[in-house]
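Student: Using only what follows, build the 3D model:
(2 chains)
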Amino acid sequence: MRTVHPSIIIGSYVWDQDRVPRDEFQIRIGGLHRVMDTNGWKAILVYGDAAEHSALAWFTAFTTRLRWGMALIPREGEPRLLISMSSRDVPAMKLMTWIADVVSGWNWESAFDPWLARIAGEGPIDIGSVGFELMRPPLFESLRKSLGDRFRLHAADDVVAAVRTVRPRERSQISAASRLVQTAAAAFIEPWRLGVGIETAALAAERTARMAGAQDVRTLTSFDGGRTLAPFRGAFAPQARVEDRMAGYIAVKYMGYWADVFVTGLRRAKFAAGGDRAPADYVREYARAQESFPVVQELARRAQAGLRTLLSMAKPGVAAGALHAGATKALGPHAPHPVLSGNVGRRIGLSLNEGGEITADSRHTLAPGEVYSVHVGACDPQAGGALTSAMIAVTATGSEIIHLSPAPTVL
Amino acid sequence: MGAPKVRLEETVRYLETEALDGLVAVNYGHNSFLESHAVFVLAGVRPIGESAVVVDRSGASTLIVTPAWDADRVAALSQTGRTVGTDDLPVALASVLTAHGLDGRKTVTVGLATLAHGLALRIENALGGNSHASERLIRQLARIRAPEEIAAAEKATEIAERGYAHMLACVRPGMREYELAAELYCVMKGLGAEDNFLLLSASQHNLAVRAAGSRVLDEGDVILSEITPCYQGQFAQLCRTTVIGKPTSVMQDRYALLQAAMRAGQHAAVPGAAVSHVTDAMDACFRAAGYGDYCRPPYMRVRGHGLGITSDLPGDLTAESDAQLEKGMVFVMHPNQYIPETGYMMCGEPVIITDAGAKALSARVANLDSIAI
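Tutor: Residues are numbered from 1 along each chain as shown, chains lettered A, B, ... in the order given. Model prediction:
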């Protein structure tokens, strides 16, 4: 899901050597060395920014809170990590990575050029690059100037992505993130069940996750009965008096890994005349709510059926397009939920979107070791919408459910 | 008329003056507290993803937002004439440019330098590769806060102060930094802060402030906090220093230096004053106390800076800045300083430039606060 990116990632990040020890990174860097050897490259530069830093974090343990970071990883010699922070911030940043040589990138020429000189040689030198599409144009120009015609840059995104198979330690971290998002989801639903407004419930969920050490939390909530989702509004309106439905999304980053889930709640209409509105308005609203309730219940049932279909099909070799067709067929006459932007899943991990989107046009197949967040939703423009989701790991012979959305709370 | 409408009109006048046909302002979906969000300035709404505003000389304007499903929410808030939702910004931009009768030759762009390189290239292609950039235009247009923006900055300041008061009430030895940050962040979000550039860290001898970690707080720790909630697009920042236990007399004495520097800076910051002059007024307090050698990185960074997301002007408060202050500018002034005997300490307020100098938006200016044990 697209969510609002914050001005800074405020969570606690350190390189947890008990969880991801140095030898794990030696294995990962070994994969990069093989890529360099195969392609005749003398180094690979891995770039990431605050919004997307999956590859950078995978190879260095470093998470870019702000601006950008770039690992300069040579085939021979020591790597360097450039960070877009002041030199004063370097000691704190060093705690976030196994790379000893961390340098502020604010003075580009003194940070990059001397390192580049170490790998210079006769004739043009070939270097791989990862994530350079994300780089801001002024930095890209500085880099190009430094490289001049002595070095040739080769986009290495795809070959490096192929090296990044999910490691056993990552599965442990993803499971920990999954447990936390489930706890947060419960903290989302319970206050709503007790009668508070949806933004208050979302904030309770966020607080639960952050107090437990979440490094980032994203929420989206519906203010229109689940027809769409919206970012933080800050009104903290109480629940509607006649009816209130809950549709929300929460994603939690923990130990560097994302886990996400949709939550749904349905409340039967309650007659609540009084207050500052004419009784006739309440009667009409009550009638509308009574009428739409079974429709939304049906949408929720269809969404769950779609998810069950998808989960039953998910195994290695299955085409993503077939998964999409199976899930959307189960929705029957109802339209897929617009907030899903035409997909029913994508890989998740160090990024909320690791690629592999499951759309009608997808060409890829599922592969063992991949971790997906899958989601199915249905919408009725008049009555509302319903969304449900799961996280799954593709195994050698099938798939394993990491977690499911809580069953819709019906009150 | 709201600030975005006024700025859309000013944009049209700019296009007329410069004999340009149109403007394309873009944003990459981030909320940088140190940068101008050109789309927010012109549309008055912050889309979730990458976005663009197109304005032509006739005054017609279109906002393009990603993801497509966010279009209805944004359309209800946008000050532009039209809103378009898309999942592919360059493709939608090409259509909108055609609808406005614009090509790249007489079009000015704002914000392309802040986009991801790949996306910027696609947008340049949509513009025919021959537009010209003016990265300063929108920052300049929004450099003076409109009345509703000042009200929002005041509200953001109030949220920051209430957040800090909550911190003073709940901090205790044994808490981890991230737990305290979570308390602070969630309380301010509950008060309406849509974002927060929150740094919070502790040490017995700080070198700088950083994001919260896992450190367990204990007696004698000096907690530094840079509390920066954003309310309706206006960031406001408080810089605070809090001691767990009783501060030493040396610490109290040296903190008074930071407070004196803050007052000197506020006094010097009148309309027309050079930022370098204001910076020097603050540095002079430290020089007079024998800390002149510490008025440079890594012992401090800047003496304040602009606050997004409308305009980051007047920029960083440094001795090298040639910017001039204007009445109505809002920014943070913070003579934060490393002092060898005490470590790094923080003292700063959001201020607005008035004829009498820089007036703090905060009700209670920074003191060396302590937590009784």
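Student: okay, CA-based contacts and neighbour counts for the rest of this
Tutor: Will do.
Student: in the stretch 1-150 of chain A, which spans are helices?
Tutor: Along the stretch 1-150 of chain A, counting by DSSP state H, counting those that start in this stretch, helices occupy A:22-39, A:54-60, A:90-94, A:108-119, A:137-147.
Student: do the stretch 251-400 of chain A as well
Tutor: For the stretch 251-400 of chain A, helices defined by DSSP H, counting those that start in this stretch occupy the ranges A:279-313, A:320-329.
Student: any low-confidence regions in the chain?
Tutor: Answering for chain A, as no chain was given. A:242, A:272-275 (pLDDT under 70).
Student: was after chain B, sorry
Tutor: Within chain B, the segments meeting pLDDT under 70 span B:1.
Student: Go ahead and flag the most central residue of it.
Tutor: Among the residues of chain B, the one closest to the centroid is residue B:307, at 2.3 Å (C-alpha atoms, centre = their mean).
Student: Surely that one touches residue B:235?
Tutor: Yes. Contact criterion C-alpha atoms under 8 Å: residue B:307 and residue B:235 qualify, at 5.9 Å.
Student: before we move on, the earlier item: out of the helices of the stretch 1-150 of chain A, which gets nearest to residue B:227?
Tutor: helix A:90-94 (18.9 Å; C-alpha to C-alpha).
Student: what's next to that closest one, contact-wise?
Tutor: For helix A:90-94, the external contacting residues (C-alpha atoms under 8 Å, 6 or more residues apart in numbering or on different chains) are A:100, A:102, A:103, A:104, B:210.
Student: what do you get for stretch B:26-35?
Tutor: Contacts for stretch B:26-35 (C-alpha under 8 Å, 6+ apart): A:4-7, B:37-39, B:47-53, B:109-112, B:114-116, B:197, B:235, B:305-312.
Student: right, and residue B:298 touches residue A:85 too?
Tutor: No. The criterion here is C-alpha under 8 Å, and residue B:298 misses it with residue A:85 at 11.9 Å.
Student: So between the two, which is more surrounded?
Tutor: Using other C-alpha atoms under 10 Å in any protein chain shown, the more surrounded residue of residue B:298 and residue A:85 is residue A:85, with 19 against 15.
Student: burial of residue B:98, as a residue count?
Tutor: Residue B:98: 11 neighbours (other C-alpha under 10 Å).
Student: where does it land in three-state SS?
Tutor: Classification of residue B:98 using DSSP: H, G, I helix; E, B strand; the rest coil returns helix.
Student: any idea how far it lies from residue B:91?
Tutor: Separation of residue B:98 from residue B:91 (C-alpha to C-alpha, to the nearest Å) stands at 11 Å.
Student: Repeat that for residue B:10.
Tutor: Residue B:10 is 28 Å from residue B:91, by C-alpha to C-alpha.
Student: One more: residue B:198?
Tutor: Using C-alpha to C-alpha, one obtains 36 Å as the distance from residue B:198 to residue B:91.
Student: Give me the more crowded residue out of these two.
Tutor: Between residue B:198 and residue B:91, counted using other C-alpha under 10 Å, the more crowded position is residue B:198 (24 against 13).
Student: can you pull out the strands in the stretch 151-300 of chain B?
Tutor: Assigned by DSSP state E, counting those that start in this stretch, the strands in the stretch 151-300 of chain B fall at B:195-196, B:199-203, B:222-227, B:229-231, B:234-235, B:238-244.
Student: among these, which is nearest residue A:285?
Tutor: Nearest to residue A:285 among those is strand B:229-231 (33.3 Å), distances taken as C-alpha to C-alpha.
Student: Output the contacting helices and strands for that closest one.
Tutor: Helices and strands touching strand B:229-231, by 3 or more C-alpha pairs under 8 Å, 6 or more residues apart in numbering or on different chains; DSSP states H and E, are helix B:147-170, strand B:195-196.
Student: and the stretch 51-200 of chain A, which residues reach chain B?
Tutor: Residues of the stretch 51-200 of chain A lying near chain B by C-alpha under 8 Å from any C-alpha of the partner chain: A:87-89, A:92, A:132-138, A:140, A:200.
Student: so how far is residue B:105 from the spatially closest residue to residue B:166 that is not a sequence neighbour?
Tutor: Excluding the flanking residues, the one nearest residue B:166 by C-alpha to C-alpha, 6 or more residues apart in numbering or on different chains is residue B:184, at 7.0 Å. Distance of residue B:184 to residue B:105, computed by C-alpha to C-alpha: 49 Å.
Student: what sits against the residue in the stretch 201-350 of chain B that chain A sits nearest to?
Tutor: For the stretch 201-350 of chain B and chain A, the shortest gap (C-alpha to the nearest C-alpha) falls at residue B:213, measuring 4.3 Å. Counting by C-alpha under 8 Å, 6+ apart, residue B:213 touches A:11, A:12, A:13, A:14, B:176, B:177, B:178, B:201.
Student: Next up, phi/psi of the closest residue to it other than its chain neighbours, please.
Tutor: Leaving aside its sequence neighbours, residue B:213 sits nearest to residue A:12 (C-alpha to C-alpha, 6+ apart; 4.3 Å). The phi/psi pair for residue A:12 (degrees, to the nearest 10) reads phi -80, psi 120.
Student: where along the stretch 201-350 of chain A do the strands fall?
Tutor: Taking DSSP E, counting those that start in this stretch, the strands of the stretch 201-350 of chain A run over residues A:216-221, A:246-254, A:257-266, A:335-336, A:345-347.
Student: Which other helices and strands does the last one contact?
Tutor: What it means is strand A:345-347. Packing contacts for strand A:345-347, counted by 3+ C-alpha pairs under 8 Å, 6+ apart, involve strand A:371-380.
Student: Give me the residues contacting the strand it packs on.
Tutor: For strand A:371-380, contacts defined as C-alpha under 8 Å, 6+ apart pick out A:166, A:226-227, A:259-260, A:296, A:299-300, A:302-304, A:306-307, A:327-328, A:331, A:334-338, A:340, A:344-349, A:385-394.
Student: tell me the angle that strand makes with strand A:257-266.
Tutor: Interaxial angle, strand A:371-380 versus strand A:257-266 (axes from the mean of the first three to the mean of the last three C-alpha atoms, to 10 degrees): 20 degrees.
Student: mind listing what strand A:371-380 pairs with, with the direction of each?
Tutor: According to DSSP bridges, strand A:371-380 has the following sheet partners: strand A:335-336 (antiparallel), strand A:345-347 (antiparallel), strand A:384-394 (antiparallel).
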